[in-house]
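S.K.: heads up, no residue letters with this:
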């Protein structure tokens, strides 16, 4: 509960200062004093937000905003109180239904600056795969789709995307246990989505995004029992 309250305070603080992505946040000591909390409590929240791609913490440089916060009181930071498998299943089902529609809309509205930033995120995703750090792979994947959400120029779609990103994908820790071909397929899907967005091809963007979510589900392998029925049936139909 404390993190939820602190998150709400931080969101209000960011809005009052009118901070935008790329802007630097005040020092930890200043923020802790502003919110009346210890630096350790603040630091825990900042690391949680960094893991979800909302901020970037640079050693010796400070903390920088990567995205504006939406509906902070609804972000399930205390998701451990719920069934973790149900959370992942809900997350995948929502991604399967929502991502294709979101990317389709972004293909119609995304601007050149946003496309350039998406290109950088794809590079960062490739670097994270070489780093052998599954957490970085997942974080960069979410950062990519968060930027796509901003490309829709629709605040409700951004808010839905933030909600999806608010639950960590624990099974994704298996990423480096799957064969190299599937790893490369997921990265190729990101590239294909970017190409469809650059071409402003909404139908193509929708299709390749749906394929991406299905490929992501296949990564879960032995944990396929947590998948929603609709996705599991689709995967079974595609099985050789």
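M.R.: Received, thanks. The model shown is predicted, which means the values in this text are computed figures rather than measured ones.

S.K.: Can you report phi and psi for residue 154?
M.R.: Residue 154 has phi and psi values of phi -130, psi 110 when expressed as degrees, to the nearest 10.

S.K.: Give me the buried positions along the helix or strand of the chain with the lowest mean pLDDT.
M.R.: Lowest on mean pLDDT, DSSP states H and E among the helices and strands of the chain sits helix 229-238, with a mean of 72. By neighbour count on 16 or more other Cβ atoms under 10 Å, the buried set for helix 229-238 is 231, 234-235. The way it works is simple: take the backbone N, C-alpha and C, and place the C-beta from them, glycine included.

S.K.: can you redo those residues as CSV with distance to residue 90?
M.R.: Below are the buried residues of helix 229-238 laid out as CSV (distance: Cβ to Cβ, whole Å):
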residue, distance to residue 90
231, 12
234, 17
235, 17
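
S.K.: From those, pick the one nearest residue 10.
M.R.: Nearest to residue 10 among these is residue 231, at 34.6 Å by Cβ to Cβ.

S.K.: wait, that closest one sits on residue 94?
M.R.: No. Look at residue 231 against residue 94 with Cβ atoms under 8 Å: they stay out of range, at 11.0 Å.

S.K.: residue ranges with poor pLDDT in this structure?
M.R.: Along the chain, the model assigns pLDDT under 70 to residues 1-2, 51-53, 67-85, 87, 166-176, 178, 220-226, 237-240.

S.K.: tell me which element the most centrally placed residue in it falls in.
M.R.: Nearest residue to the geometric centre of the chain (Cα atoms, centre = their mean): residue 142, 2.3 Å. If you go by DSSP states H and E, residue 142 is part of helix 134-151.

S.K.: Following the chain past that helix, name the next helix or strand.
M.R.: Later in the chain than helix 134-151, the nearest helix or strand by DSSP H and E is helix 155-165.

S.K.: And that next one, what does it pack against?
M.R.: Applying 3 or more Cβ pairs under 8 Å, 6 or more residues apart in numbering; DSSP states H and E, one finds that helix 155-165 makes contact with helix 84-109, helix 134-151.

S.K.: what sits up against the host helix or strand of residue 122?
M.R.: Per DSSP H and E, residue 122 falls inside helix 112-131. Defining contact as Cβ atoms under 8 Å, 6 or more residues apart in numbering, one finds that helix 112-131 is touched by 110, 136-137, 139-141, 143-144, 147-148, 150-151, 183, 187, 190-191, 194, 197-198.

S.K.: hmm, try it at 7 Å
M.R.: Under the contact criterion Cβ atoms under 7 Å, 6 or more residues apart in numbering, helix 112-131 has outside partners 136-137, 140-141, 143-144, 147-148, 150-151, 183, 187, 190-191, 194, 197-198.

S.K.: Same question for stretch 185-200.
M.R.: With contact meaning Cβ under 7 Å, 6+ apart, stretch 185-200 is reached by 103, 106-108, 110, 115, 118-119, 122, 125-126, 129, 144, 204-205, 208-209, 211-212, 215-216.

S.K.: hmm, 8 Å instead?
M.R.: Under Cβ under 8 Å, 6+ apart, the answer for stretch 185-200 is 103, 106-108, 110, 115, 118-119, 122, 125-126, 129, 141, 144, 148, 151, 204-205, 208-209, 211-212, 215-216, 219.
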